[in-house]
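Undergrad: take this sequence and fold it.
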Amino acid sequence: MRRIVLLVGMLIFAGCLNQDGGAGLFPIEENDRWGYIDAQGKVVINPQFDYAEIFSEKLAPVKVGQRWGYIEPSGGLVINPRFDGAGKFSEGRARVIEQGKFGYIDREGRIVVEPSFIWAEDFSEDRGLVLYGGKWGYVDKNGHFIINPQFDWAGNFSEGLAMVLVSGRCGYINPDGQFIINPQFDWAGDFSEGRAGVKSGNSWGYIDKSGRFVINPQFDE
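TA: All right, here's what the predicted structure looks like:
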């Protein structure tokens, strides 16, 4: 019996369609092989892959044997399987793994950032978050460091700010790496609609982009 990987109930909501990378397709598994259905549940790409991820920017990473490549919405391979691991495309770049290290490729499958990082995240707001030499920093789409590795932990940029952890305290930097909100919180999340959840002591509240509490810490989570 076919097992639908995404929650079927979510497919009836239009908002879910914004998460399919514009392809209108969703991965499924049948008899240990992966394929894709459309929003009506019709099989569009027959199950044939060892694993399959969602479409993003109209390309989807798929596993063939022990290697990863990318398909287009017709199901044809556009980037041949040759990577040890592969992530979704974001802002024209996708993270890939070769010999245990992370790098980035473009939509043609060309390596534009050599695999040299311990870890890498998807690009967000023209910045790629990477772990190098035990510290987190940010690179541009050609792999040049914009913000040198210096943080104990860090998050993706969202609404022009990124959470970073320094000496056990979280604050926020701008795209140039300057602190806009000094490290002072026990933990912190990404900004969304001008607000970010932060933990102070044992309680969570919300701050604005100046670092001022708009909802005082009072929640367990």
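Undergrad: can you tell me the centre-most residue of the protein?
TA: Centrality entry for the chain: nearest residue to the mean C-alpha point is residue 122, 4.1 Å, by C-alpha atoms, centre = their mean.
Undergrad: residue 200 - how many residues pack around it?
TA: Counted with other C-beta atoms under 10 Å, the burial measure for residue 200 works out to 16 neighbours. Where C-beta positions appear, they are placed from N, C-alpha and C, glycine not excepted.
Undergrad: residue ranges with poor pLDDT in the chain?
TA: Per-residue confidence for the chain (pLDDT under 70) gives these ranges: 1-22.
Undergrad: tell me which stretches of it form helices.
TA: Secondary structure of the chain (DSSP state H): no helices present.
Undergrad: residues making contact with stretch 65-72?
TA: Residues from elsewhere that reach stretch 65-72 (C-beta atoms under 8 Å, 6 or more residues apart in numbering): 45, 50, 58-62, 77-86, 89, 94, 96, 109.
Undergrad: ok so, going back, and the residue nearest to the centre of the chain, how far from residue 93?
TA: In this view, residue 122 and residue 93 are 8 Å apart by C-beta to C-beta, to the nearest Å.
Undergrad: which neighbours do these two share?
TA: The overlap between the contact sets of residue 122 and residue 93 (C-beta under 8 Å, 6+ apart) consists of residue 128.
Undergrad: for stretch 121-132, which outside residues touch it?
TA: Applying C-beta under 8 Å, 6+ apart, the set of residues contacting stretch 121-132 is 87-88, 90-95, 102, 104, 113, 116-120, 136-141, 146-147, 149, 154-158, 160, 162, 175.
Undergrad: which of those residues are buried?
TA: For the contacts of stretch 121-132, a burial check counting by 16 or more other C-beta atoms under 10 Å picks out 87-88, 90, 93-95, 102, 104, 113, 117, 120, 136-139, 141, 147, 149, 154-158, 162.
Undergrad: next, count neighbours for the closest residue to residue 150 other than its chain neighbours.
TA: In space, not counting the residues next to it along the chain, residue 150 is nearest to residue 135; the distance is 5.4 Å by C-beta to C-beta, 6 or more residues apart in numbering. Residues contacting residue 135 under the criterion other C-beta under 10 Å number 15.
Undergrad: in PyMOL, select just the buried ones from the contacts of stretch 65-72.
TA: Buried members of the contacts of stretch 65-72 can be picked out in PyMOL with the line below, counting by 16+ other C-beta under 10 Å:
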select buried, resi 45+58+59+60+61+62+79+81+83+86+89+94+96+109
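Undergrad: return the subset of the contacts of stretch 65-72 lying in strands.
TA: Within the contacts of stretch 65-72, membership in strands is found for 45, 60-62, 77-83, 85-86, 89, 94, 96, as judged by DSSP state E.
Undergrad: just to revisit the earlier point, measure the residue nearest to the centre of the chain to residue 60 for me?
TA: In this view, residue 122 and residue 60 are 14 Å apart by C-beta to C-beta.
Undergrad: now swap in residue 75 and tell me
TA: Taking C-beta to C-beta as the measure, residue 75 and residue 60 are separated by 10 Å.
Undergrad: mind listing the shared neighbours of those two?
TA: Both residue 75 and residue 60 are contacted by residue 36, under the criterion C-beta under 8 Å, 6+ apart.
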